[in-house]
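[1] what shape does this take:
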Amino acid sequence: MPVKLKSIAGELEILMEEYMTFFDRETFAVVHFPPGMYDEVEMGEPYETRIDWIEEDWKSAEMVVHNEERFVKLPSKWDIDDYEIIEDFSYLIEDEQVRKQVLHAIRGRGAFRRFREHVEYHGLLDDWYKYKTGRYMEIAKEWCEENDIPYEE
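    Here you go, the predicted structure:
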């Protein structure tokens, strides 16, 4: 049974910098936990009493470490260049004046906020969301192919 490419793309869009994310080849579920837990489980550190919500993360880390062939690591937030995605979209804007404004806006600190403001102001928000979704679908497709995970669009 193939995984839905849209579900992988959705997971990639919501990746958090402070978590490791793995795909379960058997259940098609995605699990997340802090990187330190992976290291602790791998080194055989005993589970100590922790906050309840961390217990679920700990169990996920144990499952991944002890069943490595079953889990595939998703790209991290650092592996996906969101700035490149907004820049590529900006170059596709047909109106030369708007394109120049947006490209200027995405330089320096606050680039993402200014990009959003310009795109929204010029009525390009729907186009942006379609483009961004398409790019994440491409990334998800490449990831599935690289990891021999059957998928359907």
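[2] just the buried residues of stretch 114-126, please?
    R114, F115, H118, V119, H122, L124 (16 or more other C-beta atoms under 10 Å). Any C-beta I mention is one placed from the backbone N, CA and C, and that applies to glycine too.
[3] how far away from the center of its chain is it?
    Relative to the centre of its chain, stretch 114-126 is centred 22 Å away, using C-alpha atoms, centre = their mean, to the nearest Å.
[4] restricting to C-alpha, output that stretch in CSV.
    What follows is stretch 114-126 as a C-alpha-only set of coordinates in CSV (Å, rounded to 0.1, in the frame of the first residue of the first chain):
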residue,chain,number,x,y,z
ARG,A,114,8.3,41.1,4.4
PHE,A,115,7.8,38.5,1.7
ARG,A,116,4.4,37.5,3.2
GLU,A,117,3.3,41.2,3.5
HIS,A,118,4.2,41.9,-0.2
VAL,A,119,2.7,38.8,-1.6
GLU,A,120,-0.5,39.4,0.4
TYR,A,121,-0.6,43.1,-0.6
HIS,A,122,-0.3,42.2,-4.3
GLY,A,123,-2.9,39.5,-4.2
LEU,A,124,-0.5,36.7,-4.8
LEU,A,125,-1.1,34.7,-1.6
ASP,A,126,-3.1,31.9,-3.2
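[5] mind listing residues that contact the longest helix seen in the chain?
    What stands out as the longest helix in the chain, according to DSSP state H, is helix 125-146. The contact list for helix 125-146, computed with C-beta atoms under 8 Å, 6 or more residues apart in numbering, reads 3, 5-6, 8-10, 12-13, 74-75, 80, 85, 88-89, 92, 119, 149-151, 153.
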